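Visitor: From the sequence below, what's the structure:
(one chain, ligands or ions: 1)
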Amino acid sequence: MAQECIAIEGGHPLNGTVRISGAKNATVALIPAVVLANSPVEIYGVPEISDVEALSTLLRELNCDVERVGDTLKVDPTHIKNIPLVSKAVDKLRASYYFMGGLLGRYREVTIKMPGGCYLGPRPIDLHLKGFKALGADITYNEKDETYTLKAEHLHGAEIYLDFASVGATINIMLAAVMAEGRTTIENAAKEPEIIDVANLLTKMGAKLRGVGTDTIIIDGVKEMHGTSHEIIPDRIEAGTFLIIAAAVGRKVLIQNVISQHLDALLSKLRELGVRFEIIGDSILVWGDYYDFKPVEVTTQPYPGFATDLQQPLTTLLTLAHGRSKVTDTIYTERFKHCAQLNKMGANIEVGDGCCYVNGPTKLHGTRVEATDLRCGAALVVAGLMAEGITEITNVYHIDRGYDNIDRKLTALGAQISRYQVED
Ligand code: EPZ
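Guide: Numbers count the residues shown, from 1 in each chain. Below is the predicted model of the structure:
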């Protein structure tokens, strides 16, 4: 079976402007949230990523009209049917589980297959289910076809404490609670900007939410919700990835459509490394013209801490630092499969328990490497741009799930990058 690969010829300095697309991790929740509305919703700034296709397929299975016009997604849920979501499209991404919260919230009932998604170590949904139970849902799981069925006589407000500030659980519980009877409080809620973006859509649809973006969210249930329009916030992880690329191989790169506050943790680490950049309104200008980068220690935390999704691409940049850097991931302790791939390219990285040590500086050379997950793929793209010679990256479908036309954007900056098919 053929699969797509990317080949990158490294060593070409990048110059010019790149525009960041809408946030993947907001998009994959905003689209399922539309099932709560009784009339059409338009979403602007939708990135061109494969996750959007999978979610659109699921909406069509629910008898919603879905039309993509440029970066606008028009969804009409007027004739929606709450059928079991058990097709292959559910397996394409973990975020399919947002249909649990949305359909439970609207219909008090939902049947859905357990979602797929990148392998980043065990990824339970116990906190999501704890929230649904607290709201009044009975949950059954059918081992044979890996399907959850959630049913509630009626959905009532509840006080829910999240043992971990889970992004997915916070959003999913919000979706289930906006039409429950009475008040729901979510304590120790996650504070990621994508959660605020989803809450903004829900509010425009008629929901009553307070405190989103803090660790206590209050939701007062409403009877019904209606259509609206919404522009997605820029993708802070794509922006962070391009900041790292510009620091690694840029001369002068302007990154547009950025909310720089969403990147405070990364920006302070890049400053510590010795990267030169300037924030100009909703853009960041990066000069990558010298490399006496200093080693740093990075530990991922829930927002506003350092994002786990950026520790992999940053690790590639740290191979340029003069000394030993340490990267610790407290969110996904197994998110280090990119290190072996980088070592194949000449990096000198030791993987420890939930962390890795990057000994630099090392010169990277091109070879064939494998994207084991979405952000590993991003880390390998950075490495390919830095390396001497040609780097071939397989399993590019991982990258296409989260980055909107990354090769087109890099080519426009002067990268030598091409996409081709190989037989498995
Ligand atoms: C979201 O995943 C993002 N995905 C991830 O981005 C991101 O890495 C993660 O948040 C952390 O920021 C989307 O938004 C679609 P969590 P999510 O629930 O919601 C544990 C990318 O590269 N946990 O905050 O799944 C879990 O095992 C992706 O764009 C439970 O134990 O993250 C993990 O260790 C990768 N029980 C930690 O919490 C639960 O019920 C973080 O999970 C839920 C989570």
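
Visitor: Please list the residues of the stretch 251-400 of the chain that sit near the ligand.
Guide: 308, 309, 331, 332, 374, 375 (C-beta under 6 Å from any ligand atom). Backbone N, C-alpha and C define where each C-beta goes, glycine included.

Visitor: Among these, list the two that are farthest apart in space.
Guide: 331 and 374 (14.5 Å; C-beta to C-beta).

Visitor: And residue 281, how close does it get to residue 84?
Guide: In this view, residue 281 and residue 84 are 47 Å apart by C-beta to C-beta, to the nearest Å.

Visitor: Of the two, which one has the most company?
Guide: Taking residue 281 and residue 84 together and counting by other C-beta atoms under 10 Å, residue 84 has the greater number of neighbours (15 against 8).

Visitor: Just the pLDDT for the more buried one.
Guide: Looking at residue 84, its pLDDT stands at 96.

Visitor: hmm, back to that, mind putting the residues of the stretch 251-400 of the chain next to the ligand into a markdown table with secondary structure?
Guide: Formatted as a markdown table, those follow (DSSP: H, G, I helix; E, B strand; the rest coil):
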| residue | secondary structure |
| --- | --- |
| 308 | helix |
| 309 | helix |
| 331 | coil |
| 332 | coil |
| 374 | helix |
| 375 | helix |
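
Visitor: Can you tell me which of these is closest to residue 10?
Guide: Of those, the one sitting nearest to residue 10 (C-beta to C-beta) turns out to be residue 375, at 19.7 Å.

Visitor: show me the residues around the closest one that make contact.
Guide: Residues near residue 375 by C-beta atoms under 8 Å, 6 or more residues apart in numbering: 237, 309, 310, 311, 312, 313, 335, 338, 402.

Visitor: 7 Å instead, please
Guide: Residue 375 makes contact with 309, 312, 313, according to C-beta atoms under 7 Å, 6 or more residues apart in numbering.

Visitor: To which secondary structure element is the last one assigned?
Guide: In the assignment (DSSP states H and E), residue 313 maps to helix 308-318.

Visitor: the helices in the stretch 201-350 of the chain, which residues?
Guide: 236-249, 264-273, 308-318, 337-344 (DSSP state H, counting those that start in this stretch).

Visitor: need those helices in TSV with mean neighbour count and mean pLDDT, can you?
Guide: Shown next, in TSV, are the helices of the stretch 201-350 of the chain (neighbours: other C-beta atoms under 10 Å; pLDDT from 0 to 100):
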stretch	mean neighbour count	mean pLDDT
helix 236-249	27	98
helix 264-273	18	97
helix 308-318	26	98
helix 337-344	21	98
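
Visitor: Name the stretch from those helices that approaches residue 413 most closely.
Guide: Closest among the helices of the stretch 201-350 of the chain, using C-beta to C-beta: helix 236-249, at 8.2 Å.

Visitor: the inter-axis angle of that closest one versus helix 308-318?
Guide: Per axes from the mean of the first three to the mean of the last three C-alpha atoms, to 10 degrees, the angle that helix 236-249 makes with helix 308-318 is 0 degrees.

Visitor: roughly how far out does helix 236-249 sit from the chain middle?
Guide: 15 Å (C-alpha atoms, centre = their mean, to the nearest Å).

Visitor: thought residue 374 was touching residue 397?
Guide: No: at 9.6 Å, residue 374 does not count as touching residue 397 under the criterion of C-beta atoms under 7 Å.

Visitor: the more surrounded of these two?
Guide: residue 374 (23 against 14).

Visitor: Between helix 264-273 and the helix holding residue 313, find me the angle.
Guide: Using the same axes, to 10 degrees: helix 308-318 against helix 264-273 is 10 degrees.

Visitor: ok, of the contacts of residue 375, which one's closest to the ligand?
Guide: residue 309 (4.2 Å; C-beta to the nearest ligand atom).

Visitor: quick one: contacts for the closest one?
Guide: When contacts are counted by C-beta under 7 Å, 6+ apart, residue 309 touches 237, 375.

Visitor: so how far is residue 91 from it?
Guide: 21 Å.

Visitor: In this protein, what residue comes closest to the ligand?
Guide: Closest point on the chain to the ligand, by C-beta to the nearest ligand atom, is residue 168, at 2.8 Å.

Visitor: So which of the helices of the stretch 201-350 of the chain is nearest residue 197?
Guide: Short answer: helix 236-249, nearest of those by C-beta to C-beta, at 10.8 Å.

Visitor: Tell me which residues are up against that closest one.
Guide: For helix 236-249, the surrounding residues in contact (C-beta under 7 Å, 6+ apart) are 13-14, 18, 20-21, 23, 193, 253, 255, 258-259, 262-263, 266, 270, 275, 284, 286, 288, 307, 309-310, 313-314, 317, 320, 378, 382, 385-386, 403.

Visitor: count of neighbours near residue 153?
Guide: Residue 153: 9 neighbours (other C-beta under 10 Å).

Visitor: And the pLDDT at the residue lying closest to it once chain neighbours are set aside?
Guide: Nearest residue to residue 153 in three dimensions, chain neighbours excluded: residue 136, at 6.9 Å (C-beta to C-beta, 6 or more residues apart in numbering). pLDDT, residue 136: 98.

Visitor: show me the contacts for residue 136.
Guide: 152, 153, 154, 155, 156.

Visitor: looking at the residues you listed, which has the most residues close by?
Guide: That'd be residue 155 among those, by other C-beta under 10 Å, with 24 neighbours.

Visitor: near the ligand, which residues of the stretch 101-250 of the chain?
Guide: 118, 122-128, 164, 166-169, 190, 237.

Visitor: burial of the closest residue to residue 134 other than its chain neighbours, as a residue count?
Guide: Of all residues not flanking residue 134 in the chain, residue 158 sits nearest, at 3.9 Å (C-beta to C-beta, 6+ apart). Residues within reach of residue 158, counting by other C-beta under 10 Å, total 21.

Visitor: wait, doesn't residue 158 sit right on residue 184?
Guide: Yes: the criterion here is C-beta under 7 Å, and residue 158 meets it with residue 184 at 5.5 Å.

Visitor: Mutual contacts of those two, please.
Guide: Common neighbours of residue 158 and residue 184 (C-beta under 7 Å, 6+ apart) are residue 135.

Visitor: Just the element for the spatially most central residue of the chain, please.
Guide: Centrality entry for the chain: nearest residue to the mean C-alpha point is residue 25, 3.9 Å, by C-alpha atoms, centre = their mean. If you go by DSSP H and E, residue 25 is part of helix 24-33.

Visitor: Other residues contacting the helix or strand following that helix?
Guide: Of the helices and strands lying after helix 24-33 in sequence (DSSP H and E), the nearest is strand 41-44. With C-beta under 7 Å, 6+ apart as the test, strand 41-44 has contacts from 30, 34, 71-75, 227-232.
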